[in-house]
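Engineer: pasting the sequence and the predicted model now:
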Amino acid sequence: MLYQLCIVGLIVLSTRGWDEALRNRSFRRRHSRSLPSPSPSSSSLRNYRSSHTATGIIVDDDSDVIERPEQEEEHRKWRQGENDFLFDEEPYFDVAMNPTYTAYLGKEATLTCIVHAAKSDKSVSWIRSRDLRILTVGRYTYTSDLRFEALHQKGTTEWTLRIKSVQHRDAGNYECQITTKPIKTFRVNLKVVEPSVEILGAPDLFINRASMINLTCVIYHSPIPPAKIEWFHNNKSISYTSPRGGVSVVEERGEITSSFLLLQNATLSDSGLFMCRPRGLQVTSVNLHVLEGEYPAAMQTNSSTLRTSSQHIAMFLVVTSAVVNNHAMLAL
């Protein structure tokens with residue numbers, strides 16, 4: 001009987017011990033994450049480094065995390081990519097871009113698109129609006145027309161469409177597009193102009209005998225002013241050195257170039273065809289009629305037009321008179 005009681009007591013004590021052990025183990029599991037991990041001793045880290053140097057494993061002095069160099073680089077790139085995603089900037093057009101361009105016939109035109117924060121060099125393209133033809137993408141040209149060319153330097157914000165030997169058919173709208181969702185578009189208009197020449201008051205001018213003759217030749221839309229502008233009367237060259245005398249030529253050069261032929265003391269022999277010939281441009285002409293007495297009523301319109309169009313060169317008349325007088329004095 002005593003033997004049996006001893007066995008039962010031992011069983012009860014063992015059961016209580018196991019219950020307490022299990023409870024302690026469960027407690028440690030629940031709170032192990034909140035408890036700080038014991039830091040390895042300096043000696044153990046030194047021993048660990050020395051034993052793992054050949055394998056390339058790195059041990060941080062402040063933690064028990066062990067990473068290989070390639071893993072650390074991958075984590076750094078991942079963190080950098082995460083920041084780029086959080087602070088990503090959408091590409092956008094420069095607010096100072098020019099929406100209109102003017103090109104001279106036969107010359108070169110350049111249309112410039114300025115894009116900031118572009119994702120790649122291929123994210124900007126030029127398209128012709130009238131037929132939706134893709135002309136350029138990045139630095140590449142996608143048209144068989146060799147007059148078109150894409151210009152872009154890597155790392156810059158400018159994408160340029162160059163058109164060589166501009167023709168009238170090149171006029172119209174062009175679109176600079178950024179490859180985004182949705183696509184961003186900036187439209188520009190190209191105007192093609194051709195140099196033109198005219199004599200104000202043409203085709204016929206009427207003037208009284210003994211009055212001042214003023215012929216004005218105007219050149220429009222010329223890329224550069226003509227190197228020389230010549231005057232002819234009845235196919236003969238006329239200038240301030242002409243035998244007629246009293247001849248002056250005054251020029252005003254700029255975006256619009258003008259040449260003024262001034263003849264003092266008009267005579268009947270001054271009637272005829274006057275031509276203005278800018279070098280490299282077309283020739284234009286006017287018929288001059290020198291009349292005796294007053295203008296007929298039907299001719300007042302042309303003469304009035306001539307006087308009105310010539311008001312802006314009144315200052316040249318004074319200068320011309322002074323020049324003529326100086327020539328006369330030198331001749332004496």
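Structural biologist: Cool, got the structure.
Engineer: so, low pLDDT: which residues of the protein?
Structural biologist: Applying pLDDT under 70 to the chain flags the ranges 1-88, 293-332.
Engineer: ok, longest strand in it?
Structural biologist: strand 184-193 (DSSP state E).
Engineer: mind listing residues that contact that strand?
Structural biologist: Outside strand 184-193, the residues within contact range by Cβ atoms under 8 Å, 6 or more residues apart in numbering are 91-93, 97-105, 109, 111, 113, 129, 163, 166-168, 170-178, 220-221. Where you see a C-beta, it was placed from the backbone N, CA and C, and this is true even at glycine.
Engineer: buried ones among those?
Structural biologist: 91, 93, 101, 103-105, 109, 111, 113, 163, 166, 170-171, 174-178 (16 or more other Cβ atoms under 10 Å).
Engineer: now intersect these with the strands, please.
Structural biologist: Among the buried ones among the contacts of strand 184-193, the members falling in strands (DSSP E) are 93, 101, 103-104, 109, 111, 113, 163, 174-178.
Engineer: and these, which two are the farthest apart?
Structural biologist: 104 and 178 (29.8 Å; Cβ to Cβ).
Engineer: Three-state assignment for the residue nearest to residue 288 when sequence neighbours are not counted, please.
Structural biologist: Leaving aside its chain neighbours, residue 288 sits nearest to residue 205 (5.2 Å; criterion: Cβ to Cβ, 6 or more residues apart in numbering). Judged by DSSP: H, G, I helix; E, B strand; the rest coil, the three-state class of residue 205 is strand.
Engineer: of the ones in strands among the buried ones among the contacts of strand 184-193, closest to residue 236?
Structural biologist: Closest to residue 236, out of all of these and judged by Cβ to Cβ, is residue 104, at 32.1 Å.
Engineer: now for that closest one: which residues touch it?
Structural biologist: Counting by Cβ under 8 Å, 6+ apart, residue 104 makes contact with 166, 192, 193, 194, 195, 221, 222, 223.
Engineer: what about the fifth one, distance to residue 219?
Structural biologist: In this case it means residue 195. Note on residue 195: its distance to residue 219, by Cβ to Cβ, to the nearest Å, is 7 Å.
Engineer: got any residues that touch both of the two?
Structural biologist: residue 281.
Engineer: counting neighbours, go ahead and name the busier of those two.
Structural biologist: Taking other Cβ atoms under 10 Å, residue 195 and residue 219 do not tie; residue 219 has more neighbours (23 against 19).
Engineer: what strand or helix carries the more buried one?
Structural biologist: When elements are assigned from DSSP states H and E, residue 219 belongs to strand 213-220.
Engineer: residue 180: neighbour count?
Structural biologist: For residue 180, using other Cβ under 10 Å, the count is 13.
Engineer: go on, residue 242?
Structural biologist: Count around residue 242 with other Cβ under 10 Å applied: 14.
Engineer: so residue 127 makes contact with residue 143?
Structural biologist: No. Contact criterion Cβ atoms under 8 Å: residue 127 and residue 143 do not qualify, at 10.5 Å.
Engineer: dump the residue contacts of residue 290.
Structural biologist: With Cβ under 8 Å, 6+ apart, residue 290 has these contacts: 207, 208, 209, 266, 267, 268, 270, 271.
Engineer: and for residue 256?
Structural biologist: 218, 219, 220.
Engineer: ranges for the helices of the stretch 51-200 of the chain?
Structural biologist: All helices of the stretch 51-200 of the chain, identified by DSSP state H, counting those that start in this stretch, fall at 69-86.
Engineer: re earlier: between strand 172-178 and the longest strand of the chain, find me the angle.
Structural biologist: Taking axes from the mean of the first three to the mean of the last three Cα atoms, to 10 degrees, strand 184-193 and strand 172-178 form an angle of 150 degrees between their directions.
Engineer: who does strand 184-193 pair up with?
Structural biologist: strand 100-104 (parallel), strand 172-178 (antiparallel) (DSSP bridges).
Engineer: looking at these, which is nearest to residue 123?
Structural biologist: strand 172-178 (6.1 Å).
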